[in-house]
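>>> got a predicted structure plus its sequence, pasted below:
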Amino acid sequence: MKVQSTTTQQDDHFLISNYDYKSTNIEKNGDKYIAKPQITNFKFKTDTRIPKLGVMLVGWGGNNGTTLTGGILANKFNITWNSRRGTHQPNFYGSLTQSSVIKIGTCNTEEVFVPFKDVLPMVNPCDIVFGGWDINSMNLADAMNRAQVVEYDLQQKLRPYLEKLVPLPSIYYPDFIAANQGDRADNVIPGNNKLEHLNIIRKNIADFKQQNNLDKVILLWTANTERFCVEDPNVHGTAEKLLKSIESSHPEISASTIFACAACLEGCSFINGSPQNTIVPGVIELAEKAGVFVAGDDFKTGQTKFKTCLVEYLVGAGIKPKAIISYNHLGNNDGKNLSQESCFKSKERSKKTCVDDILESNKVLYPTEEELNIDHTIVIKYCPETGDSKKAMDEYIAEIFLGGRQTFAVYNVCEDSLLAAPLIMDLLLLCELFERIKFSKDSCEYQRFDTVLSWLSYLMKAPKSESGITTINALSRQRAMLENLVKVCAGLTVDDNLRLEVRYG
Ligand code: NAD
């Protein structure tokens, strides 16, 4: 695709697009709103040179880590496999960037769509170099077998590639994850000195980058869900305080926060795929100073994605959700870890907040604070026999016309990691892309996006944003935001869906 327009310029290294952003400023005058449409000029400058990308996963030997690594290798080497359903070809289904499309315009009256990945130059996932850590020493072939996610024939075909991959020893603070994980911890960095731990992880990152001749590295936490750390401004509040607390091996510094700090100090962006409060203010300051991004929290894969879609539909249709009862049972190691109350609490928090902004937006349905407090219950049960094939059963009870009730009972079954792996890949590819984009407002100097990369909210259950920026959870708004951003950067027109060119030529 090539954009021909007076508002875009392209040379060998950069694509610059000029965008007049239309928004509406609202002033409140008593009980009236005064709406004042305005236009602000933005320029987006994308570095079109694709770097050699390395990714280091924390929790590499887990279900997500093995499924992602194996899935990408299957695509890279075009490995086919057989099951009772026949012969399968590798694909990237479930990946926004690789398998979804974006409308770029109209040819006569036909709408034209292209793959998301083709709108701006992006890293090919098959070119990513993977590495990482795990508190368990199993090589990735055996770990994939333990995970029980991937079909047996594919596991066998991937074995020669995966058995060479062994996770680096990791930091293990037993107090932060469930006690039932103790028997996995046979690959840990010894000692209790948190500063030494930080320095070892930093060295691991620097060595990985150098040994693989990489242009950049991104770190992603896909290890067990930790309990929340007890956040204290004196411990976690600034970069300086955080580093001092690491130096003194403060007990409320989690392993995930050490990884986040190591990433920032090595000039790498960090993504938190679990719900705990890893990205404390001190981490954000470190990232800001290093000019890298942080993003989180908790992958938005199946049940929550559906929830933020269904609730958006109901509220958008003027129907009032009154209760959401969300029940899960799963039998993988994630479920085992979540069976401990402290870790479950982290998950409950991120699963519960995901519809708040959708409800709050509609004051017709929810005129008072009290009404916003809907009955939202989360239950997660560990049932080993279920393996990674998680069962999610949700009941949505909504109030309709004249006091009637509409109830949806939704039953969702699938391998959790087959949803998570393509999503993790998208997080990495988009984070890398956003590192190459700068913008300028009203002809001021170019700057990078905010340190907390809330553009990735479509992929996060509890999207973290810069303080003062409200969180959007509604799925279609999150997707539109990403789609429009890449279109704007490419110099394409943002679609308002009026389709006037089709209706009136
Ligand atoms: P998993 O238990 O299979 O894998 C986690 C891995 O992390 C294990 O191999 C474990 O040994 C390792 N680990 C634990 N502590 C570690 C540490 N300090 N350093 C390095 N490794 C460590 O879990 P999973 O199914 O792969 O999920 C990973 C995370 O992703 C969980 O926190 C889960 O809640 C989160 N998540 C998963 C999904 C999904 O759909 N699969 C969705 C949202 C969030």
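Okay, I see it. Numbering: from 1, shown residues only.

>>> which single residue of the protein ends up nearest the ligand?
Residue nearest to the ligand within the chain: G62 (1.9 Å; C-beta to the nearest ligand atom). Quick note: C-beta positions are derived from backbone N, CA and C, even for glycine.

>>> got the residues of this structure near the ligand?
58-59, 61-64, 133-136, 170-172, 177, 184, 222-225, 255, 273-274, 298-299, 301, 332-334, 337, 416-417, 419-420 (C-beta under 6 Å from any ligand atom).

>>> hey, where'd the strands end up in the stretch 301-450 of the chain?
In the stretch 301-450 of the chain, the strands defined using DSSP state E, counting those that start in this stretch lie at 320-330, 375-382, 389-399, 405-415, 437-441, 447-448.

>>> show me the residues of the chain next to the ligand that map onto helices.
N63, N64, A255, N333, D334, N337, D416, S417, L419, A420 (DSSP state H).

>>> for K209, which non-adjacent residue is spatially closest?
Once flanking residues are discounted, K209 sits nearest to V217: 5.2 Å by C-beta to C-beta, 6 or more residues apart in numbering.

>>> circling back: so of the ones in helices among the residues of the chain next to the ligand, which two are at opposite extremes in space?
A255 and L419 (25.1 Å; C-beta to C-beta).

>>> who has more neighbours out of those two?
Counting neighbours by other C-beta atoms under 10 Å for A255 and for L419 shows that A255 has the greater number, 28 against 21.

>>> so the more buried one sits right up against P174, yeah?
No. Checked against C-beta atoms under 8 Å, the pair A255 and P174 is beyond contact range at 9.9 Å.

>>> ok, A185 - how many residues close by?
15.

>>> got a pLDDT number for it?
At A185, the predicted lDDT confidence score is 96.

>>> any idea how far it lies from N224?
11 Å (C-beta to C-beta, to the nearest Å).

>>> average pLDDT for stretch 450-460?
95.

>>> pretty sure E231 is touching V280, no?
Yes. Applying C-beta under 8 Å as the test, E231 and V280 come out as touching, 6.1 Å apart.

>>> can you tell me which residues contact the nearest residue in space to V355 that is not next to it in sequence?
Leaving aside its sequence neighbours, V355 sits nearest to V311 (C-beta to C-beta, 6+ apart; 4.5 Å). V311 makes contacts with P321, I324, V355, I358, L359, Y396, A474, as judged by C-beta atoms under 8 Å, 6 or more residues apart in numbering.

>>> mind doing that once more with 7 Å?
With contacts defined as C-beta atoms under 7 Å, 6 or more residues apart in numbering, V311 is in contact with P321, V355, I358.

>>> closest to T69 out of those?
Closest approach to T69 among the contacts of V311 (C-beta to C-beta): V355, at 33.2 Å.

>>> quick check: the closest one vs C268, distance?
In terms of C-beta to C-beta, V355 sits 33 Å off from C268.

>>> list the buried ones in the least confident helix or strand in the chain by mean pLDDT?
Within the chain, judged by mean pLDDT, DSSP states H and E, the helix or strand with the poorest mean is helix 341-352; its value is a mean of 80. Neighbour-count burial for helix 341-352 flags S342, C343, F344, S346, K347, E348, R349, S350, K351, K352 (criterion: 16 or more other C-beta atoms under 10 Å).

>>> quick one, it and strand 320-330 angle?
Note on geometry: by axes from the mean of the first three to the mean of the last three C-alpha atoms, to 10 degrees, helix 341-352 and strand 320-330 are set 140 degrees apart in direction.

>>> got the angle for helix 341-352 vs strand 375-382?
Counting by the same axes, to 10 degrees, helix 341-352 lies at 140 degrees to strand 375-382.

>>> quick check: pLDDT value at F44.
Looking at F44, its pLDDT reads 97.

>>> repeat for S99
On the pLDDT scale, S99 gets 98.

>>> that one touches F116, doesn't it?
No. In this structure S99 lies outside contact range of F116 using C-beta atoms under 7 Å: 8.3 Å.

>>> more neighbours: these two, which one.
F116 (22 against 15).

>>> who touches the more buried one in this structure?
L96, T97, S100, V101, I102.

>>> repeat that with 6 Å
Taking C-beta atoms under 6 Å, 6 or more residues apart in numbering, we find F116 in contact with L96, T97, S100, I102.

>>> of those, which is the most crowded?
T97 (24 neighbours).

>>> output the helix or strand that contains that one as PDB - backbone C-alpha positions only.
Here T97, judged by DSSP states H and E, is contained in helix 96-99. What follows is helix 96-99 as a C-alpha-only set of coordinates in PDB (Å, rounded to 0.1, in the frame of the first residue of the first chain):
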ATOM      1  CA  LEU A  96      -4.900  -8.500  15.900                       C
ATOM      2  CA  THR A  97      -1.800  -7.500  13.900                       C
ATOM      3  CA  GLN A  98      -1.400 -10.700  11.800                       C
ATOM      4  CA  SER A  99      -5.000 -11.900  11.300                       C
END
